[in-house]
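Enquirer: Provided below for reference: sequence and predicted model.
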Amino acid sequence: MSRRALSAIISLILVLGTAGCNEAVPPNEPAEPTASEQEGGFVVSEEMQNGTAGISLTESEEEGGFDTSGIDTSEHVVITYLTTGDKPVGEAAERLRETIAELNETLNEKVNAELNIDFVEWDNYLENYNEKLALLDGSVDLVGASTDWLDGWINAKKGVFLPLSENMLKKYAPLTYESVTPEHWDMCKYNDDIYFMPEDNYTQWTNHGFIYRMDFAKELGLEDGITNWEELTRYLENVRSIHPELKEVWDADGTQYLNMAEGWIVSHSDYVPIQGLCSSNLWGGTLEDPYTLYVPAMQDTDMLIEYARLMKEWDARGVWPSDVMTNSSADNREEYRKGQVALEQHHTQTYVNLCSKTGENILYQDNPDASSGFFYFGQENGNLVAQIITHGAMAVSAASENPERALMVYDLLRNDPVCYRLICYGIEGVSYSINEQGLRDQPEGYNPEADNIYDITNFWWGRNDNNEIRDAKTNWDTVDELYTAYEKKKMDYPYGQFVPDETEIEGKIEKCNEIYNSYMKQISYGKYDGTAEDIVTKMQDELALEGIDDVTAVLQEQIDALYK
């Protein structure tokens with residue numbers, strides 16, 4: 001059976017399989033999964049999955065080379081890549097057009113295909129992303145995906161992603177297939193089918209923490225910077241006394257409460273949360289025993305009370321503006337770049353940028369002695385878990401009309417140096433240059449608003465250290481030191497193969513998540529009435545009424561079945 005015939009059959013089956021449940025669904029809402037989808041997603045028959053089994057690989061393919069001989073690429077196709085991000089306009093749109101045109105010259109030459117990018121803009125991105133995928137109208141081929149922030153497993157179970165057999169990957173994405181270990185492929189499986197190509201060969205850390213002014217900390221006597229929450233409190237409560245010119249200590253906009261709360265919990269326990277189950281990461285295990293679940297929101301009462309008290313103290317000391325809950329006009333990161341605030345909360349990759357003397361970080365231009373430090377959550381107790389390898393991953397839409405060519409295009413984007421540089425960096429001499437040290441720099445006339453292709457294409461699903469060119473302006477001495485410390489401390493994420501079945505508990509998970517978010521927003525900014533004990537008790541009572549213990553019991557059964 002040809003792969004084109006296979007694609008048509010898959011699309012037809014998907015349409016027929018969802019027709020019955022689409023009738024009562026509003027046009028702009030994703031369809032509810034059918035019974036078979038709830039049980040395990042769309043299942044391609046064994047005959048279809050092995051449709052390429054009779055095709056022998058060439059010698060170069062067996063060695064990991066990219067060879068299209070024996071593959072029919074006579075028909076020119078357009079492969080649409082779906083990514084999250086705002087669609088560029090003006091000069092940025094023109095620069096993207098020029099870059100993709102140059103990229104398509106190589107794709108045309110190698111696999112007779114061209115790339116088109118479809119953007120899901122950041123406003124209400126998750127709902128719009130899921131709705132786009134659920135259409136299954138053939139308008140999308142490659143899909144930027146994630147199992148911890150883009151509903152990757154949920155969408156796999158709904159049947160919107162194409163199962164990828166090893167034969168398909170060996171034939172059409174040989175370089176990617178060879179570079180991913182069998183253990184990592186296993187982490188991309190659901191019901192024994194591969195659904196994702198993981199971004200597992202790219203060094204990045206997205207663990208959160210607080211970015212602060214190291215020069216200010218040293219002025220306050222913190223010579224080694226901030227290494228625990230007590231020192232952080234000392235810094236926040238005193239920094240304005242030595243720098244009254246600051247606009248705010250932290251011009252927070254009231255949206256960071258979940259990261260703050262989780263940061264406190266992992267810094268004061270050995271909690272390891274299950275990512276992607278809900279935004280509040282309510283359930284997890286411990287470093288020593290990750291497969292026995294517990295819920296800090298219910299079981300670490302004293303720790304949460306201490307947190308609530310501290311946040312009330314921060315609020316009273318003016319760590320953030322009094323209107324923090326409605327401070328929607330704030331742009332704290334931009335203010336940090338200008339030296340107007342003393343703190344930013346985000347992850348390590350953001351720190352990598354903010355600690356470097358780039359053109360946008362004006363604070364270093366205005367003050368040559370300025371420097372930044374990073375207090376990462378879990379630093380004080382060694383609780384550091386490596387990022388899940390499917391935090392960034394590429395999937396193929398189940399409705400793609402050209403899944404074989406989509407895999408071939410992805411293999412080139414990820415592994416071919418020419419294609420990789422274009423999709424990630426842009427056109428050499430325009431969006432980047434290579435200096436005498438072999439580092440990636442900004443050419444003369446560089447316009448960050450238009451020429452920063454990395455922030456336009458958002459290719460976060462196939463970055464590859466083998467093809468990376470280090471940025472000339474990154475503070476590598478500081479970053480490499482931090483990464484080395486991380487490597488010594490890290491624990492691998494223990495739930496990579498856990499795909500929870502939420503059929504019986506989805507409503508309870510959503511309600512518990514909603515309750516926790518509501519209370520934690522008040523707690524994390526000290527904007528609650530009564531005592532710390534009162535607010536924590538109220539939250540726990542409501543969570544109990546909504547069945548949080550029932551959810552824990554069901555998840556524990558599933559964890560036991562998989563890991564014990």
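Expert: On my side now, so go ahead. Residues are numbered from 1 along each chain as shown.
Enquirer: Now residue 492. Nearest residue, chain neighbours left out?
Expert: Using Cβ to Cβ, 6 or more residues apart in numbering and skipping residues adjacent in sequence, the residue nearest residue 492 is residue 386, 5.4 Å away. The C-beta positions use only the backbone N, C-alpha and C, and glycine is treated the same way.
Enquirer: any idea how far that neighbour is from residue 205?
Expert: 8 Å (Cβ to Cβ, to the nearest Å).
Enquirer: Looking at these two, which one has more neighbours?
Expert: residue 205 (21 against 14; other Cβ atoms under 10 Å).
Enquirer: on that earlier part again, tell me the spacing between the residue nearest to residue 492 and residue 265.
Expert: Distance from residue 386 to residue 265, by Cβ to Cβ: 18 Å.
Enquirer: if I pick residue 512, what's in contact with it?
Expert: 278, 282, 543, 546-548, 551 (Cβ atoms under 8 Å, 6 or more residues apart in numbering).
Enquirer: What I need now is these written out in a markdown table, including neighbour count and distance to residue 218 for each item.
Expert: Listed next are the contacts of residue 512 as a markdown table, based on neighbours: other Cβ atoms under 10 Å; distance: Cβ to Cβ, whole Å:
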| residue | neighbour count | distance to residue 218 |
| --- | --- | --- |
| 278 | 19 | 40 |
| 282 | 24 | 38 |
| 543 | 23 | 42 |
| 546 | 20 | 47 |
| 547 | 17 | 50 |
| 548 | 24 | 44 |
| 551 | 27 | 46 |
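Enquirer: for these, which one is nearest residue 160?
Expert: residue 278 (20.4 Å; Cβ to Cβ).
Enquirer: Tell me the one of the contacts of residue 512 nearest residue 519?
Expert: Taking the contacts of residue 512 together and measuring to residue 519 by Cβ to Cβ, the closest member is residue 543, at 8.8 Å.
Enquirer: any idea how far the closest one lies from residue 555?
Expert: With distances taken as Cβ to Cβ, residue 543 is found 15 Å from residue 555.
Enquirer: can you check residue 258 too?
Expert: Distance from residue 258 to residue 555, by Cβ to Cβ: 19 Å.
Enquirer: next one: residue 369
Expert: 51 Å.
Enquirer: Residue 419 now?
Expert: 41 Å.
Enquirer: swap in residue 366?
Expert: According to Cβ to Cβ, residue 366 stands 51 Å off from residue 555.
Enquirer: what's the answer for residue 248, then?
Expert: According to Cβ to Cβ, residue 248 and residue 555 sit 40 Å apart.
Enquirer: go on, residue 177?
Expert: Distance from residue 177 to residue 555, by Cβ to Cβ: 32 Å.
Enquirer: Residue 210 - how many residues pack around it?
Expert: Residues near residue 210, counting by other Cβ under 10 Å, number 24.
Enquirer: Now do the SS call for the residue nearest to it when sequence neighbours are not counted.
Expert: Computed as Cβ to Cβ, 6+ apart, the closest residue to residue 210 that is not its neighbour in sequence is residue 375, at 4.8 Å. With DSSP: H, G, I helix; E, B strand; the rest coil as the basis, residue 375 sits in strand.
Enquirer: looking at it, residue 375 is touching residue 212, isn't it?
Expert: Yes. Counting by Cβ atoms under 8 Å, residue 375 touches residue 212, with 6.7 Å between them.
Enquirer: among the helices and strands of the chain, which has the poorest mean pLDDT?
Expert: Lowest mean confidence among the helices and strands of the chain (mean pLDDT, DSSP states H and E): helix 35-40, at a mean of 30.
Enquirer: Run through the helices of the stretch 451-564 of the chain in chain order.
Expert: Applying DSSP state H, counting those that start in this stretch to the stretch 451-564 of the chain gives helices spanning 454-457, 476-489, 506-524, 532-545, 548-563.
Enquirer: Same list (these) but as JSON lines, adding distance to residue 308 and mean pLDDT.
Expert: Listed next are these as JSON lines, based on distance: least, Cβ to Cβ, whole Å; pLDDT from 0 to 100:
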{"stretch": "helix 454-457", "distance to residue 308": "37", "mean pLDDT": "93"}
{"stretch": "helix 476-489", "distance to residue 308": "28", "mean pLDDT": "95"}
{"stretch": "helix 506-524", "distance to residue 308": "5", "mean pLDDT": "97"}
{"stretch": "helix 532-545", "distance to residue 308": "4", "mean pLDDT": "98"}
{"stretch": "helix 548-563", "distance to residue 308": "19", "mean pLDDT": "96"}
